[in-house]
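In: Here is my input; please provide its structure:
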Amino acid sequence: MALSKEVKAELVKQFGANETDTGSTKVQIAILTKRIAALTEHLKNHGQDAQTRRGLSILIGKRRGLLDYLSRTDYEGYKALIKELGIRK
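Out: Residues are numbered from 1 along each chain as shown. Okay, here's the model as predicted:
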């Protein structure tokens, strides 16, 4: 369930410093959040899809690690990002 180039470019523009800032922590978290939402919708219809469930767990773990890093380095940015993305603490 890959995201289209247009969706990624929109997320980079919204959360990055410029259009080519794909590696910043905030952009990576936003992209992972979008992928997690897509996989969650897929699993609502296909509950027996074990491989997708495993992939979803991996993505959630990666996002959690990036969120932990962001909270250590830029706590105010962390709070603003989770509020904007609607992520529970």
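
In: Show me where the protein has its helices.
Out: Along the chain, counting by DSSP state H, helices occupy 5-15, 25-45, 50-73, 75-85.

In: Give the residue spans of this structure that score low on pLDDT.
Out: In the predicted model of the chain, residues 1 satisfy pLDDT under 70.

In: If we use 90, what do you get?
Out: Applying pLDDT under 90 to the chain picks out residues 1-3, 17, 19-22, 88-89.

In: re the thing from before, most tightly packed of the helices of the chain?
Out: Comparing the helices of the chain by mean neighbour count (mean count of other Cβ atoms under 10 Å), helix 25-45 comes out on top with a mean of 17. Quick note: C-beta positions are derived from backbone N, CA and C, even for glycine.

In: got the angle for that one vs helix 50-73?
Out: Angle of helix 25-45 versus helix 50-73, following axes from the mean of the first three to the mean of the last three Cα atoms, to 10 degrees, is 150 degrees.

In: can you tell me how far A50 sits from A9?
Out: For A50, the distance to A9 equals 32 Å [Cβ to Cβ, to the nearest Å].

In: Can you give the distance from stretch 60-78 to the centre of its chain?
Out: Relative to the centre of its chain, stretch 60-78 is centred 11 Å away, using Cα atoms, centre = their mean, to the nearest Å.

In: contacting residues around it?
Out: Here stretch 60-78 makes contact (Cβ atoms under 8 Å, 6 or more residues apart in numbering) with 25-26, 28-29, 32-33, 36, 81-82, 87.

In: repeat that with 10 Å
Out: Stretch 60-78 has contacts (Cβ atoms under 10 Å, 6 or more residues apart in numbering) with 24-26, 28-33, 35-36, 39-40, 79-82, 85, 87, 89.
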